[in-house]
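Engineer: curious how this folds, go ahead:
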Amino acid sequence: MSDSLAGTVIDSLEFARSGASLRRSVALSALPRLADLLVATDGSLVFSLDGRRDAEGKSWLLLDVEAAPELRCQRCLGGLRHELKIKSRLQLVGPGEEWPDEDLADDSADAIEAEKELAVLSLVEDEVLLALPIAPRHDECEAPSAKAAGNGSSPFAALAALKKH
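Structural biologist: As a prediction, the model looks like this:
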């Protein structure tokens, strides 16, 4: 497996029709939108992308992603390791095809537009970003205090002292 995948594009419908597969390991630092949310970008994620065509003639991309990025806890601001195991079923909708509203009502699959030049890394990053918690935090931790940060008292204490004079 390699992480030299930045320029990898596929014809999504052809990939699905031919039953193609792609398996890679990608450095977290190679995913810029994800890297902005992480405490550290060391490590990698592993993904597999498989194309399928079902008996009804629908084209699908099956994406599995495993990673353990270190997010920033929104309560204590420390690192928080977050295990990800994503299994996405993506129905490809070609030009002029009707979007499948009723078929996807059970949330087990999503529909995406079929593209002649689908950037694989962007697709993987999109699915990872969608799977992250909005406000990650430890089960038990405390907010950082001014004394713990080495700042002494609260900045508001200095304002209160000014108000007395």
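Engineer: helix or strand for the residue most central in space within the chain, which one?
Structural biologist: Closest to where the C-alpha atoms of the chain average out (CA atoms, centre = their mean) is residue 128, at 1.6 Å. Element membership of residue 128 [criterion: DSSP states H and E] is helix 120-131.
Engineer: buried residues in the helix or strand of the chain with the lowest mean pLDDT?
Structural biologist: Averaged element by element with mean pLDDT, DSSP states H and E, the chain has its least confident helix or strand at helix 155-164 (a mean of 73). For helix 155-164, burial by neighbour count (16 or more other CB atoms under 10 Å) applies to no residue. Backbone N, C-alpha and C define where each C-beta goes, glycine included.
Engineer: same question for stretch 92-104.
Structural biologist: Of the residues in stretch 92-104, those buried (16+ other CB under 10 Å) are 92, 93.
Engineer: over to stretch 63-70?
Structural biologist: 63, 65, 67, 69, 70.
Engineer: show me the shaky parts of this protein.
Structural biologist: Across the chain, the ranges flagged by pLDDT under 70 are 1-7, 102-106, 144-155, 165.
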